[in-house]
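Visitor: Sharing a model that was predicted from the sequence below.
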Amino acid sequence: MNVLIIEDEFRAANQLQNMLQKCGFQYNLIDTIDTVEDAVQWFQTNEMPNLVFMDIQLADGLSFEIFQKVEVEVPIIFTTAFDQYAIQAFKVNSVDYLLKPIKEKDLQKALEKFNKSNQSQHIETSVLKQLLTSIQSQTEIKNTKKRTGLLVKEGTGFVQIKITDVLYAYSEDSITFGVTEKKRYVIDETIDQLFSTLNHDEFYRINRGQIVAKHAIQKINPYFNHRVKLTVSRERDQEFIVSRQKTSDFKAWMNQ
């Protein structure tokens, strides 16, 4: 059983592999991919696997964009932190839809469903276009609602800080941190969940684990492999490197 994982968070991909083993699922992991661009190239140059686990939001866009560029006739189990995509995911004939954090019992049910239906899946172009339009509209509506506060942990309780005070946020050991001029806070949300609620005119997700506020960026420096490295206010043992796939879009965002 050849399995392909398309997931832009390294720890999430590892956790999925561990859970598959716990479920007793016999498989051969042929590759792990973290971008739409690399996934398209992979499907164009390799034989189809038996099953694909696919995160919906990847480092360089929505995974549904893959199907616009290449035919993927293979069963897919979608995974994501955003349940608003659940209904749409089923419309593209996925085997199942798993909401992060994935529960072992839900994964087991998805695998059972896959075993009962082993026919190849075909993504309908017309349905896909409707799906992408729907998601883009939802994202635009969400981004017009500016979040003003952020609940963070402090001691044994919680306090609310202003979003405008956040310089950057990052994920480390499955914990999300937010940094202000004065302090680093633990945020009780995943980096995916946090970014989905922010104003994207003011905050940019430069890679899978870091979000940076525009007002915190002090300098943009050239870096290896056509990437850029940022100098950010109140850096705390962090390097801020914009992923290769996002560099052009990031520069356009900064120029707005």
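Guide: Happy to help now that I have it.
Visitor: G149 against T164, yeah?
Guide: No: with contacts counted by Cβ atoms under 8 Å, G149 stays clear of T164, the gap being 9.8 Å. All C-beta atoms are positioned from the backbone trio N, CA, C, and that covers glycine.
Visitor: Tell me which of these two has more neighbours.
Guide: T164 (14 against 11; other Cβ atoms under 10 Å).
Visitor: Could you check how far the more buried one is from Q238?
Guide: From T164 over to Q238 the distance is 20 Å, taken as Cβ to Cβ, to the nearest Å.
Visitor: where along the stretch 151-256 of the chain do the helices fall?
Guide: 191-197, 247-254 (DSSP state H, counting those that start in this stretch).
Visitor: Point out the most buried one among the ones you listed.
Guide: Stretch with highest mean neighbour count among the helices of the stretch 151-256 of the chain: helix 191-197 (a mean of 19; mean count of other Cβ atoms under 10 Å).
Visitor: quick one: low-confidence ranges for the stretch 51-200 of the chain?
Guide: For the stretch 51-200 of the chain, the stretches flagged by pLDDT under 70 are 82-94, 117-146.
Visitor: just the strands in it please.
Guide: 51-55, 57-58, 61-62, 76-80, 96-99, 149-154, 157-162, 168-172, 175-179, 184-187 (DSSP state E, counting those that start in this stretch).
Visitor: Of the ones you listed, give the one that comes closest to F10.
Guide: When those are compared for distance to F10 using Cβ to Cβ, the nearest one is strand 168-172, at 10.1 Å.
Visitor: Check which helices and strands the closest one sits against.
Guide: On a contact count with 3 or more Cβ pairs under 8 Å, 6 or more residues apart in numbering; DSSP states H and E, strand 168-172 meets strand 175-179, helix 191-197, strand 210-213.
Visitor: and it, which strands flank it?
Guide: Strand pairing for strand 168-172, using DSSP bridges, gives strand 175-179 (antiparallel), strand 210-213 (antiparallel).
Visitor: Could I get the CA-only coordinates of it as CSV?
Guide: Output of strand 168-172 as CSV, limited to C-alpha atoms (Å, rounded to 0.1, in the frame of the first residue of the first chain):
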residue,chain,number,x,y,z
TYR,A,168,5.1,37.9,15.5
ALA,A,169,3.9,34.4,16.4
TYR,A,170,5.6,31.1,15.9
SER,A,171,5.1,27.4,16.5
GLU,A,172,7.6,25.4,18.5
